[in-house]
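Quick one, fold the following:
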Amino acid sequence: MRHSIGPMRNGLRGRSARLGLTLAAATFMYAAPSPVHAKPPNGTFVTFDVPGGAFDTIVDGINPAGAVTGCTFDGTVNLGFVRAPNGAVTTIAVPGSTSTFVGSECGGPAGPPINPAGAIVGSYTDIGGITHGFVRSPDGIFTRFDAPGGVNTDFVCCITPAGAVAGISLDASYSVGHGFLRAPNGTFAMFDSPGSTFTAPTGINPEVAISGVYFDANFIEHGFFRARDGTITTFDALGAVNGTEPHGINPAGAIVGRYLDANFAEHGFLRAPDGNITIFDVPSSVPLDTSPSESILRGRSSEPTMTRPGLMAS
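Residues are numbered from 1 along each chain as shown. Okay, here's the model as predicted:
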């Protein structure tokens with residue numbers, strides 16, 4: 001799974017070789033609910049793992065009802081999952097796929113991959129190694145799609161309450177990427193940030209405004225904001241010598257993320273809806289742990305590692 005959007009261009013090339021087992025079933029249901037309710041008292045945690053011997057349980061989204069999404073690796077295949085508010089866990093595998101990922105593959109800060117109704121988005125790899133996008137309805141029905149103009153539809157990061165979806169359309173080498181917006185009726189709008197060699201949405205809000213990152217010709221990351229009308233504004237945090245990486249956008253249009261200074265130390269930033277950017281560090285933090293989404297930036301490779309239980313708080 002991805003470490004962050006930053007190394008994505010190189011890491012994408014190896015994705016199709018990860019898994020070779022075709023899945024025959026769409027989902028596997030573990031009906032036994034957790035003894036602890038999904039919405040604990042303020043400040044307490046519920047820990048959980050996907051049943052079935054998962055090496056990793058990585059959480060990447062939650063909706064207002066308390067349904068949690070993420071990805072898991074069982075030693076053989078990558079699967080998505082959704083944990084219902086009552087604690088029941090359903091693994092998600094697109095029929096005929098060799099791997100299924102919810103959201104931006106649980107390796108980078110982006111989202112939300114689940115909307116208030118419970119519709120879930122992600123990507124899957126077919127037996128030929130080609131990636132495609134999917135929307136999973138609240139009742140478990142899959143709609144598959146491919147963005148126009150590319151070979152692979154990947155990193156389907158996020159979905160609005162109305163069902164609009166954002167992600168990336170990639171060429172066969174995985175080295176050229178274009179952003180896409182898929183409307184609820186299935187029509188697409190393709191877009192690129194000015195000066196971009198690779199455009200990657202990282203968030204979408206109910207107004208269909210999109211946050212994201214793009215790479216310039218020197219492979220440096222910059223942020224962008226795409227308004228509902230399609231207008232794109234690019235930006236960088238002050239002092240972001242080695243990259244600005246937006247992680248998401250809220251309903252009002254504020255964008256949060258990290259940037260790398262001249263020494264490659266990470267810092268947080270908040271871009272207000274009016275474009276003003278506030279930079280910050282967590283008090284007493286070490287320089288490389290100041291990103292507001294650092295806990296999920298430290299991802300893992302496709303090799304199995306020690307189990308990290310999923311965590312959720314109210």
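
How about Ile92: what's its closest non-neighbour residue?
Gly80 (3.6 Å; CB to CB, 6 or more residues apart in numbering). Just so you know, the C-beta spots here come from the backbone N, C-alpha and C atoms, and that holds for glycine as well.

secondary structure element for the one you found?
strand 78-83 (DSSP states H and E).

Downstream of that strand, the next helix or strand is which one?
Counting by DSSP H and E, the next helix or strand C-terminal to strand 78-83 is strand 89-92.

neighbouring strands for that next one, and are they parallel or not?
strand 27-30 (antiparallel), strand 78-83 (antiparallel) (DSSP bridges).

Between those strands, which has the poorest mean confidence score?
Ranked by mean pLDDT, the strands paired with strand 89-92 end with strand 27-30 at the bottom, a mean of 32.

where along the stretch 201-314 of the chain do the helices fall?
Under the criterion DSSP state H, counting those that start in this stretch, the stretch 201-314 of the chain contains helices at 294-297.

ok, which stretches of it are strands?
In the stretch 201-314 of the chain, the strands defined using DSSP state E, counting those that start in this stretch lie at 210-215, 221-226, 232-235, 244-249, 255-260, 266-271, 277-280, 310-313.

want to try JSON lines for those, with mean pLDDT, mean neighbour count and distance to Thr197 as columns?
Below are the strands of the stretch 201-314 of the chain laid out as JSON lines (pLDDT from 0 to 100; neighbours: other CB atoms under 10 Å; distance: least, CB to CB, whole Å):
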{"stretch": "strand 210-215", "mean pLDDT": "97", "mean neighbour count": "27", "distance to Thr197": "5"}
{"stretch": "strand 221-226", "mean pLDDT": "98", "mean neighbour count": "24", "distance to Thr197": "11"}
{"stretch": "strand 232-235", "mean pLDDT": "98", "mean neighbour count": "16", "distance to Thr197": "13"}
{"stretch": "strand 244-249", "mean pLDDT": "95", "mean neighbour count": "26", "distance to Thr197": "16"}
{"stretch": "strand 255-260", "mean pLDDT": "96", "mean neighbour count": "25", "distance to Thr197": "18"}
{"stretch": "strand 266-271", "mean pLDDT": "96", "mean neighbour count": "22", "distance to Thr197": "22"}
{"stretch": "strand 277-280", "mean pLDDT": "96", "mean neighbour count": "14", "distance to Thr197": "24"}
{"stretch": "strand 310-313", "mean pLDDT": "34", "mean neighbour count": "16", "distance to Thr197": "35"}
